[in-house]
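let's see this in three dimensions:
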Amino acid sequence: MKKNISVFSWDLTVDLQGGRIEELSYKETLILGVFQRVDGKVGSTHVCTPNYHSEGTKEYGLPIHGAPRNVVWEVKTDDSAYLSVYCNIPATDLYKADLYVEQIFELTKDSFKQTVIVENTKGETVPVNIAIHDYWATPGGWRGTKVNGIYIESEVIKDGQCKARKSNTIVFPDKRKFKLKLQDFSDLRLWSARNGKNELNEDFVCIEPIMTLGKNYFGSKQSMLKEGKALGASQEILVA
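Numbers count the residues shown, from 1 in each chain. The predicted model follows:
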């Protein structure tokens, strides 16, 4: 099932299977979309939590990018400019806490905002990270894209990263320009899909806000979430 909200020249479609953004567009120009990847998979914007990638997969048995992108989400609130969806992730023998995960999508005249909230509703204190795996549309290719004035091509090629600012400027080669405002995200992962021939997708680039990419973060004191506590982070996209 899919939910759509549309107002102020923005159009947003969310697939409740995985809680994924299928389309975010402004004045009929695609910003975030669904893409056939060169490795044979289909990619679209989704939340990564309680782990970003492979951290926690061995010690806690967590799937890569976490379970929420693989489950069906429920609608909590829905109107023309505001949509909130949630899912519950049950504890396991290794990851001993029940998680409540909520996404809040808001459209205003000037921006699209997405907030992610994770709550430990019951169980032991557990590590939590949050990321949003954004698939930015690049119909003219992403080589030549700049983030905060720096060309990112070399980082995308090596699956790299850069530090995030509270307000980031993204300029694509076709002159599209966006402001990406972040709250409680410290890093940006830079990536595009590749196949066995080392060919990369050119029709999208992933510029992914992450709470942290610190090697020692997951399982550190800063990442631990106690029962009854919640944490959150948000991104806001503005057409510059």
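
what is the neighbour count of Thr115?
17 (other CB atoms under 10 Å). (Each C-beta comes from the backbone N, C-alpha and C, glycine too.)

for Val38, which non-adjacent residue is closest in space?
Using CB to CB, 6 or more residues apart in numbering and skipping the chain neighbours, the partner closest in space to Val38 is Asn195 (4.4 Å).

so that neighbour sits right up against Asp39, yeah?
Yes - here Asn195 reaches Asp39: they are 5.0 Å apart, a contact under CB atoms under 8 Å.

centroid-nearest residue for this structure?
Ile132 (1.3 Å; CA atoms, centre = their mean).

what's the spacing between that residue and Leu231?
Separation of Ile132 from Leu231 (CB to CB, to the nearest Å) stands at 14 Å.

equivalent analysis for Lys96, please.
18 Å.

so which helix or strand takes in Ile117?
In this assignment (DSSP states H and E), Ile117 forms part of strand 111-123.

in that strand, which residues are buried?
For strand 111-123, the buried set under the neighbour-count rule, 16 or more other CB atoms under 10 Å, comprises Ser111, Phe112, Lys113, Gln114, Thr115, Val116, Ile117, Val118, Glu119, Asn120, Gly123.

chain neighbours aside, what residue packs nearest to Leu180?
Nearest to Leu180 is Asn168, by CB to CB, 6+ apart, at 4.3 Å.

what residues are up against that neighbour?
Applying CB atoms under 8 Å, 6 or more residues apart in numbering to Asn168 gives the contacts Val147, Asn148, Lys179, Leu180, Lys181, Leu182, Leu188.

ditto for Ser154
Gly160.

any buried residues in the helix or strand containing it, and which?
Using DSSP H and E, Ser154 sits in helix 153-157. By neighbour count, with 16+ other CB under 10 Å as the criterion, the buried positions of helix 153-157 are Glu155, Val156.

and the average pLDDT for that helix is what?
The average pLDDT within helix 153-157 is 97.

right, and the helix or strand after it?
Next along the chain from helix 153-157, counting by DSSP H and E, comes strand 161-163.

which strands border that following strand, and is each parallel or antiparallel?
strand 187-191 (antiparallel) (DSSP bridges).

elements contacting the helix or strand following the partner strand?
Going down the chain from strand 187-191, the next helix or strand is strand 204-210, by DSSP H and E. Counting contacts by 3 or more CB pairs under 8 Å, 6 or more residues apart in numbering; DSSP states H and E, strand 204-210 is packed against strand 131-133, strand 135-137, strand 177-183, strand 187-191.

which among these is found nearest to Arg69?
Distance to Arg69, taken as CB to CB, is lowest for strand 131-133 among the helices and strands packed on strand 204-210, at 7.9 Å.

thinking the residue nearest to the centre of the chain is in contact with Thr115, fair?
No - the criterion here is CB under 8 Å, and Ile132 misses it with Thr115 at 10.0 Å.

how about the nearest residue to Leu94, chain neighbours excluded?
Gly61 (4.2 Å).

try Gly123
Ala97 (3.3 Å).
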